[in-house]
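Enquirer: Sequence first, then the predicted structure:
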Protein chains: 2
Amino acid sequence: MTKNLLIVHGGGPTAVINASLYGAICAARQSPQVGQVYGALGGTAGVLAERFVDFTAMGEEKLALLLHSPATAIGTSRTALSPEDYAEMIQIFQRHGIGYVLFNGGNGSMDTCGKLYEAAKAAGISVVGIPKTIDNDIAVTDHCPGFGSAARYLAQTVAEIAQDVRAMPIHVCIIESMGRNAGWITGAAALAKTDDPAVGPHLIYLPEVAFDEEAFLTNVKQLYDQYGSAVVVASEGLKNLAGQPVAGLIFESGRSQYFGDVGAYLAELVIRRLGIKARSEKPGLAGRCSIAHQSPVDRDEAVLAGREACLAAVEGKTGIMIGFERISTQPYRIKPVCIPIQEVMLAERGIPAEFIAPDGKGVTPAFVDWCRPLIGGDLQEFVWFT
Amino acid sequence: MTKNLLIVHGGGPTAVINASLYGAICAARQSPQVGQVYGALGGTAGVLAERFVDFTAMGEEKLALLLHSPATAIGTSRTALSPEDYAEMIQIFQRHGIGYVLFNGGNGSMDTCGKLYEAAKAAGISVVGIPKTIDNDIAVTDHCPGFGSAARYLAQTVAEIAQDVRAMPIHVCIIESMGRNAGWITGAAALAKTDDPAVGPHLIYLPEVAFDEEAFLTNVKQLYDQYGSAVVVASEGLKNLAGQPVAGLIFESGRSQYFGDVGAYLAELVIRRLGIKARSEKPGLAGRCSIAHQSPVDRDEAVLAGREACLAAVEGKTGIMIGFERISTQPYRIKPVCIPIQEVMLAERGIPAEFIAPDGKGVTPAFVDWCRPLIGGDLQEFVWFT
């Protein structure tokens, strides 16, 4: 007897979460154990509202668009769930004959996934997690789908802006990168470095390292004196030596606190303290939804993670998340593995010490070697004359 | 007898200024009238320092990289020139046997180009301008190389961010666009619109229209109540009803004034006044140097402009700028024309009234029709389910 399969998205989108959706749908449609293939519209909120889209007989051509569609095609949510919500979801699954649930998300979503697994045990419903986060901060797995594309976006964008600044060296340029608590994306800016020391990025600041404003100003001044400009990449989550967000609180509203933008703050600091022209760029959300910068490796691995999650579920596995184990870096090879969900629930993984440069400004060559295959091919080759 | 040819870049880079350089070099190398083919390293400052790169015998493969290299491969400058500087440049040209000078730049550079033409007349040196500006604010020509790629970048990026916001409607998102005085780039955001009214961009604010904060807040509130989110595109140069930059002066240093970022200002306004979550994105320089978003039409036209400038110069034309006349929009056809340099010197062209939406929020369908062929092909097709 077949059971139906449901795919649910949680948390912020990535450039390849829809590729995992594609992989899961294709595998499910080919699995004799699976009846209908559903997607929840709007994450767990969509489950609770019983808003499903049916992928069982959808045309191949339309489905294939998922590989190159940003955001999440079936929506997502970030709503906190009560114990009653979990119980209700189980009833909804049973009402719809759903025996397989694939939960695609980051840290917070894997926590939900683990709780859902516990709640679904008695009903014999398999719950399997698919990792997804641009921040790459899920534990145990070598890396997460979504990261490679965000890394490619930042590396390519920094390389291009560094050329712009090199061509007309009139200011210091601060590029704010995503990844509030973990510096994986920020570190990927190092892939933009060239053999020409005049071309940035010159300074890379990870959120794992306390930010020293005075040292920053000294470094920027030195670079400006030497090259007439400087390119700085700074994580949106930088904290100062006192452990406070560098940009400071600008507004409080209820339980929400709003901090200033790190890039804008640092640019203003350079202007005020050094009297040097400065500007800041904050691609922000653009950095997680650019299809032009999708890493083909990341996309393929996202499809793989979706497929493996489906296959694990129909084999009766539950309470696990699909992860990647790196077999080798040169040549790059990984294999999908099943990780007990308890090991990843809410565990946040920052860049390990061996990947952080000894002087605290940027990453080590080992990080660059680790990261390079994930962005899926070399950055665009540029020519310039000096 | 042959004369040497020199190419000079002025002002801010675009994604295709190097494509014009490529077009000019190729044409010059094929012209029997041209001896050596030089590029000035660092704009007019490079001319005055006699810093030239010799393209005469450079390998084809290296040259072809120019088509896909951002910024300007030979640098650029923004330095103001004195009458003595012009006289000195003429001497330098003569010393290096330079009889053809191609000047690639925007409004300011065309002013320089015009003055150089006057100064070079007696010496029999041809001076021809190649238009270049992401802002598209050079007079007379239908459009400028550089604009199509900046328009494509903004339209594609807004389309992607709008999907991100649609997928997780928890906030108002303000995207700050380049183009401080002219709304051409900002208007291109309209190309990102879909048939789904829930998907942004919902509001587009051009710098040509005085910005009414209260009306903006009313509109945002309405959209938020309806869709749970809103996507707003705002020019970096927005001015309020009193004619002042909306973000206000944050710092003065000597003759330089620094204004706050429009996007960040509007996001904060939404948070404070409406108590709605808001964030801002400011791709900034990324929007003029992204090679992934280079418009193929823009690139081809940039090559054409470079080539035509060279051909005009060797034919003895001088004191002109190459421009484009639009023959038809469907099918899209243009032809290169020679425009007297006096007609474009420092003349700034904003969006004409017939391209501005009657309600002041965004552009007309006529603008969209005019703009679409310039971005060089449809935006990426996306799929989503509601």
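Expert: Noted; the coordinates are in hand.
Enquirer: tell me which element residue A:63 falls in.
Expert: Assigned by DSSP states H and E, residue A:63 falls within helix A:60-64.
Enquirer: Name the residues of the helix or strand following that helix that are buried.
Expert: Following helix A:60-64 in sequence order, the next helix or strand is helix A:83-95 (DSSP H and E). Residues of helix A:83-95 classed as buried under the neighbour-count rule (16 or more other CB atoms under 10 Å in any protein chain shown) are A:85-86, A:89-90, A:92-93. For glycine as for every other residue, the C-beta is placed from the backbone atoms N, C-alpha and C.
Enquirer: Now those residues in CSV, please, with extra columns for distance to residue A:322 and pLDDT.
Expert: Formatted as CSV, the buried residues of helix A:83-95 follow (distance: CB to CB, whole Å; pLDDT from 0 to 100):
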residue, distance to residue A:322, pLDDT
A:85, 24, 97
A:86, 22, 97
A:89, 21, 98
A:90, 22, 98
A:92, 24, 98
A:93, 20, 98
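Enquirer: want to throw the residues you listed into JSON lines with distance to chain B?
Expert: Below are these laid out as JSON lines (distance: CB to the nearest CB, whole Å):
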{"residue": "A:85", "distance to chain B": "18"}
{"residue": "A:86", "distance to chain B": "21"}
{"residue": "A:89", "distance to chain B": "19"}
{"residue": "A:90", "distance to chain B": "24"}
{"residue": "A:92", "distance to chain B": "19"}
{"residue": "A:93", "distance to chain B": "20"}
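Enquirer: pLDDT on the helix or strand hosting residue A:265, on average?
Expert: Using DSSP H and E, residue A:265 maps to helix A:262-274. Across helix A:262-274, the average pLDDT comes to 96.
Enquirer: Is there contact, residue-wise, from it to chain B?
Expert: Yes: applying CB under 8 Å from any CB of the partner chain, one finds helix A:262-274 in contact with chain B at A:264, A:268, A:271-272.
Enquirer: Centre-most residue in chain A?
Expert: Residue closest to the mean C-alpha point of chain A, counted by CA atoms, centre = their mean, is residue A:134 at 0.5 Å.
Enquirer: Up against chain B, what does the stretch 51-200 of chain A have?
Expert: Neighbours of chain B within the stretch 51-200 of chain A, by CB under 8 Å from any CB: A:53, A:62, A:65-66, A:68-78, A:156-157, A:160-161, A:163-168, A:170, A:173.
Enquirer: of those residues, buried ones?
Expert: Buried by 16+ other CB under 10 Å: A:53, A:65-66, A:68-77, A:156-157, A:160-161, A:163-168, A:170, A:173, out of these.
Enquirer: just to revisit the earlier point, buried set for the helix holding residue A:63?
Expert: By 16+ other CB under 10 Å, the buried positions in helix A:60-64 come out as residue A:63.
Enquirer: For the stretch 1-150 of chain A, which segments are assigned as helices?
Expert: Taking DSSP state H, counting those that start in this stretch as the criterion, the stretch 1-150 of chain A contains helices spanning A:17-30, A:43-48, A:60-64, A:83-95, A:107-120, A:147-167.
Enquirer: Kindly report the same for the stretch 151-300 of chain A.
Expert: So, for the stretch 151-300 of chain A - with DSSP H, counting those that start in this stretch - the helices run A:184-187, A:213-227, A:262-274, A:286-289, A:296-314.
Enquirer: Any idea which of these gets closest to residue B:224?
Expert: Each of these was scored for nearness to residue B:224 using CB to CB, and the closest is helix A:286-289 (20.7 Å).
Enquirer: do the closest one and chain B meet at all?
Expert: Yes: against chain B, helix A:286-289 shows contacts by CB under 8 Å from any CB at A:286, A:288-289.
Enquirer: That helix - contacts with which helices or strands?
Expert: helix A:147-167, helix B:147-167 (3 or more CB pairs under 8 Å, 6 or more residues apart in numbering or on different chains; DSSP states H and E).
Enquirer: Close to chain B: what parts of the stretch 251-386 of chain A are there?
Expert: Neighbours of chain B within the stretch 251-386 of chain A, by CB under 8 Å from any CB: A:251, A:253-254, A:256, A:258, A:260-261, A:264, A:268, A:271-272, A:275, A:277, A:279-286, A:288-293, A:380-386.
Enquirer: Using neighbour counts, trim the residues you listed to the buried set.
Expert: A:258, A:260-261, A:264, A:268, A:271, A:277, A:279-286, A:288-293, A:380, A:382-385.
Enquirer: pLDDT below threshold where in chain A?
Expert: Low-confidence segments of chain A (pLDDT under 70): none present.
Enquirer: Let's see that with 90 instead.
Expert: Applying pLDDT under 90 to chain A flags residues A:1, A:78-80, A:170, A:248-259, A:346-348.
Enquirer: For the residue nearest to residue A:156 when sequence neighbours are not counted, grab the count of nearby residues.
Expert: Counting by CB to CB, 6 or more residues apart in numbering or on different chains, residue A:156 lies nearest to residue A:379, which is 5.3 Å off, once chain neighbours are set aside. Neighbours of residue A:379 under the rule other CB atoms under 10 Å in any protein chain shown: 17.
Enquirer: do you know how far residue A:379 is from residue A:159?
Expert: 6 Å (CB to CB, to the nearest Å).
Enquirer: Next, show the common contact partners of the two.
Expert: Here residue A:379 and residue A:159 have residue A:192 as joint contacts, going by CB atoms under 8 Å, 6 or more residues apart in numbering or on different chains.
Enquirer: and the residue nearest to residue A:88 when sequence neighbours are not counted, how far is that from residue A:111?
Expert: Here the nearest residue to residue A:88 in space, its sequence neighbours aside, is residue A:48; by CB to CB, 6+ apart that works out to 6.3 Å. For residue A:48, the distance to residue A:111 (CB to CB) stands at 17 Å.
Enquirer: Kindly check the end-to-end length of stretch A:187-197 for me.
Expert: With CA to CA, to the nearest Å as the measure, the first residue of stretch A:187-197 is 18 Å from its last.
Enquirer: sorry, that was for stretch A:200-210
Expert: End to end - CA to CA - stretch A:200-210 spans 22 Å.
Enquirer: What residues sit buried inside that stretch?
Expert: Within stretch A:200-210, the residues that qualify as buried are A:200-209, counting by 16+ other CB under 10 Å.
Enquirer: Residue A:160 contacts residue B:69, correct?
Expert: No: counting by CB atoms under 8 Å, residue A:160 sits too far from residue B:69 to count as a contact (9.4 Å).
Enquirer: Now do the shared contacts for the two.
Expert: Between them, residue A:160 and residue B:69 share the contacting residues residue B:291, judged by CB under 8 Å, 6+ apart.
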